[in-house]
Structure formats: structure tokens, C-alpha cells
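Novice: Here is my input, please return the structure:
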Amino acid sequence: MSSAFSMSPNDPLRFPRRPAGNPSIVHNTLCDCWEHRGRIAEGRPAGDGRNALMEPRGTLLPMYFVADESGSMAAHIHELNDGLVSLQDAMQVESFAAAKIRFSVIGFADDAVTYLEPADLRTLPQMPVFQARGLTSYQAAFDQIGYRISIDVPRLKAEGYQVHRPAVFFLTDGVPNRHEDWRAARTYMLAQPAAPNVLAFGIGDADAATIMEVATASEYAFIRSQGVDTGVAISEFMTQLTQSVIASGNALAGGAGELQLERPEGFSLAVDYV
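Specialist: The predicted structure follows:
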């Protein structure tokens, strides 16, 4: 299945505690482009009303790869790491597409860690390395995603870029930890102005209904097809992630403004399993 979704170094960073209370607004829009609104003063005192629009440096798409690195991933963590290396190699060849993407890597288990802040893969020395550890905290993952987007998008805009709505590729092989309010963390993440499109991919023991809750639209929720080996599914996912990054960068460079994705081999729509 092929589809085009509209889309409007590196110390570990952990997310601070969310403010108390539930956000009242959730942004469900599937596409948006966050227009750059920065202005620069023309050498005059502040408040004289004579500012000029900053000329944008270009348009970028932030993409976040959020991977489950809990203990159950131990047998297959090398597929994730190999896939990241292959993705970087491909992006250094596809420099035209890479120029439009800022790629970030987050791993989650008992906690969530940003291993790579949004980076230009053309100049990145090397990709980070996942290590299997701990349990499966969806709450920590959504807290970290929300935190990163809340500082990454304003920073990119302050640098003079127009920024499209971020895309999150969320890969997990299990169900979330019990007694965690991960749904509230997800809601909080989606309540910010630059709320991301979340594409969710379930492998191993992941539950189709939960994967549908993680994704921001049913057509963004995928589950490993019955009978498909987990290692094979991860490899296919990483291949398709690489192709999506390249195709999306090329589309953005051409003015199309669409997130490009084909369903990975060995995956089905989660809705078909609910």
C-alpha cells in the first residue's frame, strides 16, 4: 500500500515532570505548516514599529524515530542499530533530500532518552546505538517527545526556518507498563501548537488496539502481520523508514509538502486486527 500523508551532539536528555492537570485542547489536525513569524529590527530602537520580516532560510521537516529498547528487544536490538547506520549512509548520498530533514532518535524503556537531537544527517559523524534495558514506559516516551518538540520547533524557527508539523515514527514490541497514565502523557504531547503526526508500528507482543491508540489516525497504525518473524519485520520497517525519510525530503524540496510512506512489508493495518 502506498500513501502520501500531508504534513503541515547529543547528550541524553530526560523530560521534566509535566505540569499538573490535563490540557484542554488536543490538536487532531493531520497537516499543518508552522509559518515563520520572526521579525528582525532594522537597527532602530525596539518598539518603533519599523521591523522587517526575516527572510526564511528554507523549510524543514523534523522527524523523530522513537524506539522501544526494553529488555524484550535484546534479541533484535542489532537490527535497529544496523538500520540506523544504513539510514545515515543513504541520507549522505541523498543530500538533496537530507537538507530538508532534521532527524532525531529517542529510545525508551524504564525512562526515555534523547540520543540524537534533530540533526542534519549529511554532517552527523555517526548514529547513536540502542541498548536493550528495562521495561516499556509509553508514558516516558510521550513525555520525552513532547518535551523535545516544545524546544526543537521554536529553536529551528528562531534559526530562520519554516517548520512543518513534526512526524513521529513510534516502534514498540510490547504493551505499556501497567499503572502508568500514558494516555495523559500522549494528550499533553498533542496539546502543544506543533503537535506531531504519530505513526505507530507494533511488533512482537504489541497489541493492535493499543497501537491504534498511539497513532494519531487509524491509517497511521500498523501491526506486524501474523507469521512474520520479528527480526524480519524490524528490518523491513527500517528499510521503509529510510525510504520515507528520503521521499519526504525530496517532496518537501520540490514544494509538495507531503510525508511519504509506504506500508512496510510484513505489516498490516492495525484496524484489521482489532
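Novice: Buried residues of the longest strand anywhere in the chain, list them for me.
Specialist: In terms of residue count, the longest strand belonging to the chain (DSSP state E) is strand 58-68. With burial defined by 16 or more other Cβ atoms under 10 Å, the residues of strand 58-68 counted as buried are Thr59, Leu60, Leu61, Pro62, Met63, Tyr64, Phe65, Val66, Ala67, Asp68. C-betas here are computed from N, CA, C, even on glycine.
Novice: separation between the nearest residue to the third one once chain neighbours are set aside and Ser248?
Specialist: It stands for Leu61. Residue nearest to Leu61 in three dimensions, not counting chain neighbours: His164, with 4.6 Å by Cβ to Cβ, 6 or more residues apart in numbering. Remark: distance between His164 and Ser248 (Cβ to Cβ, to the nearest Å) = 9 Å.
Novice: same question, Leu80
Specialist: 20 Å.
Novice: can you check Val105 too?
Specialist: Going from Val105 to Ser248 by Cβ to Cβ gives 17 Å.
Novice: Show me what counts as buried in the helix or strand containing Gln243.
Specialist: Gln243 is part of helix 230-253 when elements are defined by DSSP states H and E. Using 16+ other Cβ under 10 Å as the test for burial, helix 230-253 gives 230, 233-253.
Novice: same deal with stretch 219-233?
Specialist: In stretch 219-233, the ones that count as buried by 16+ other Cβ under 10 Å are Glu219, Tyr220, Ala221, Phe222, Ile223, Arg224, Val228, Thr230, Ala233.
Novice: which one of those is nearest Gly174?
Specialist: For Gly174, the nearest member of the buried residues of stretch 219-233 is Thr230. The distance, counting by Cβ to Cβ, is 11.1 Å.
Novice: For this protein, which segments are assigned as helices?
Specialist: Taking DSSP state H as the test, the helices found in the chain are 77-93, 95-98, 138-158, 182-190, 208-214, 230-253.
Novice: who does the first one touch, helix- and strand-wise?
Specialist: So the one you mean is helix 77-93. helix 95-98, strand 101-108, helix 230-253 (3 or more Cβ pairs under 8 Å, 6 or more residues apart in numbering; DSSP states H and E).
Novice: Could you pull up the residues touching Ala185?
Specialist: Listed by Cβ atoms under 8 Å, 6 or more residues apart in numbering, the contact partners of Ala185 are Arg18, Tyr138, Gln139, Ala140, Ala141, Phe142, Asp143, Gly146.
Novice: residues near the closest residue in space to Ala251 that isn't next to it in sequence, how many?
Specialist: Nearest residue to Ala251 in three dimensions, chain neighbours excluded: Glu258, at 5.1 Å (Cβ to Cβ, 6+ apart). By the measure other Cβ atoms under 10 Å, the count of residues near Glu258 is 18.
Novice: next one: Met189
Specialist: Neighbours of Met189 using other Cβ under 10 Å come to 25.
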